[in-house]
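>>> for reference, the sequence and a predicted model appear below.
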Amino acid sequence: MILRKKKYRFDPITLIFEEIKPERKRVYVESVFYVCVFALVTFLSGYVLSKKFGSAELKFLEKKVLALNHEMRKLISKGRHFSFRLHRELFPKDNNYRTILQIDTLSYNLRVAGTGGSAAEGALSLNENTGHQLYDMINKLNMQLQIQTGSFETVYEKAQEHAMQISHMPAIQPIAQKDLIMISSNFGIRSDPFLEYQEVHSGLDFVAPVGTNVYATGDGTVTFVQFSRTGYGNEIVIDHAFGFGSRYAHLNQILVTDGQKIRRGQIIGKVGQTGRVTGPHLHYEVLYENRPVNPEYYFDNSLTTDEYNKILNLVSTEQTDDSH
């Protein structure tokens, strides 16, 4: 209750002091004013205290928001690290693979999907909208990864085709080095051993004892197995695909059949001296687009004797397993 000072006035007629009574309206106004001031002070005090100390629920929510914000920033950091590796490691490697396999390389603008560069660019600012930043980074990486995945699929398919082409290439000697006595005739012009005039020799003559193993020089399909009337004697022709073929002539034995699938290093026949020959040897040709080419151009000269033998042993093991 608010105590008020009493006020008096002097009455000249009665010659006494009389108490001045306040008006009711004024008393009401003053009461309302004091109540409003009290309410305002109470509200402001509560607001300040809640801001300074806060409720338990509010504190919990604030901690939750801070924790989520921290996790989003960690995701952004990891995403930028991944983006850095994508741009500095995977993109260059992918272009190198494309160059080796003779595929057009992808431009940088195409790789980043028109998103304005790497997600790793720029520093993470404390004043930025973290949620928007995270969404933008995920969207950018998603588009770049889709493009990179498509590129790797193209590279993989081309690599498989390239591996198949390499395995079909007539790239090893048809006679093992340990069995080879000599190469008696090279590819090119030579004197005919019977008629003694110059002629084109369309292959290599590998001199080896009768019965020596003859190996297929690349994967392919047998297209010819019979005694040739052109002087080649017992002859095998293999189609290696990709425009290549190979011929094996003057054989003592033929161990394959027409239409048979052949692996590089597989035994297909035995050295002989059938047909027009002066002694036991294998006449070997490489054909490209049905025209003889120098076989030496296609031999893998980096292949060691041990590696050559591994190819022969591998095919021999596979054939043994298939027979069982």
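That came in fine, so what should we check first? Residues are numbered from 1 along each chain as shown.
>>> need the three-state assignment for residue 84.
Three-state assignment for residue 84 (DSSP: H, G, I helix; E, B strand; the rest coil): helix.
>>> low-confidence ranges, the chain, go.
1-35, 37-39, 41-55, 114-128, 190-198, 319-324 (pLDDT under 70).
>>> could I get the full set of helices for it?
24-52, 56-85, 91-100, 108-111, 130-168, 305-323 (DSSP state H).
>>> nearest to residue 245, out of those?
helix 130-168 (10.3 Å; Cβ to Cβ). For the C-beta atoms, the positions are set from N, CA and C on the backbone; glycine is no exception.
>>> the closest one: how far from the chain's middle?
Offset of helix 130-168 from its chain centre (Cα atoms, centre = their mean, to the nearest Å): 6 Å.
>>> pull up the gap between residue 249 and residue 285, please.
8 Å (Cβ to Cβ, to the nearest Å).
>>> so how far is residue 158 from the residue nearest the centre of the chain?
The residue lying closest to the centre of the chain (Cα atoms, centre = their mean) is residue 152, at 4.0 Å. Between residue 152 and residue 158 the distance, using Cβ to Cβ, works out to 11 Å.
>>> for residue 76, same thing?
Using Cβ to Cβ, one gets 36 Å for the distance from residue 76 to residue 158.
>>> ok, these two, which is more surrounded?
Neighbour count, other Cβ atoms under 10 Å: between residue 76 and residue 158, residue 76 has more, with 19 against 16.
>>> the more buried one reaches residue 137, doesn't it?
Yes: taking Cβ atoms under 8 Å as the definition, residue 76 is a contact partner of residue 137 at 5.9 Å.
>>> pretty sure residue 168 is touching residue 240, no?
Yes: shown here, residue 168 and residue 240 form a contact pair, counting by Cβ under 8 Å, at 4.4 Å.
>>> between those two, what contacts are shared?
Common neighbours of residue 168 and residue 240, counting by Cβ atoms under 8 Å, 6 or more residues apart in numbering, are 218-220.
>>> neighbours around the spatially closest residue to residue 171 that is not a sequence neighbour, how many?
Leaving aside its sequence neighbours, residue 171 sits nearest to residue 300 (Cβ to Cβ, 6 or more residues apart in numbering; 4.6 Å). By the other Cβ under 10 Å criterion, the neighbourhood of residue 300 contains 13 residues.
>>> likewise for residue 279?
Neighbours of residue 279 (other Cβ under 10 Å): 11.
>>> then residue 80?
By the criterion of other Cβ under 10 Å, residue 80 has 19 neighbours.
>>> again with residue 235
Neighbours of residue 235 using other Cβ under 10 Å come to 23.
>>> what's the separation between it and residue 276?
When Cβ to Cβ is the yardstick, residue 235 and residue 276 sit 12 Å from each other.
>>> can you check residue 95 too?
Look at residue 95 and residue 276: by Cβ to Cβ, they are 54 Å apart.
>>> please say which of those two ends up with more neighbours.
Just comparing residue 95 and residue 276: by other Cβ under 10 Å the higher neighbour count belongs to residue 95, 19 against 16.
>>> quick one: contacts for that one?
Residues in contact with residue 95, defined by Cβ under 8 Å, 6+ apart, are 105-106.
>>> give me that answer again for 10 Å
Going by Cβ atoms under 10 Å, 6 or more residues apart in numbering, residue 95 touches 103-108, 111, 151, 155.
>>> residue 66: which of these is nearest?
Checking those against residue 66 by Cβ to Cβ gives residue 111 as the nearest, at 36.5 Å.
>>> and that closest one, what does it touch?
Residue 111 makes contact with 86-87, 90-91, 94-95, 105, 118, 143-144, 147-148, 151, according to Cβ under 10 Å, 6+ apart.
>>> just the buried ones among those, please.
Using 16 or more other Cβ atoms under 10 Å as the burial test, the contacts of residue 111 include 86-87, 90-91, 94-95, 105, 118, 144, 147-148, 151 as buried.
>>> identify the farthest-apart pair in these.
Comparing all pairs in the buried ones among the contacts of residue 111 by Cβ to Cβ, the longest separation belongs to 105 and 118, at 18.0 Å.
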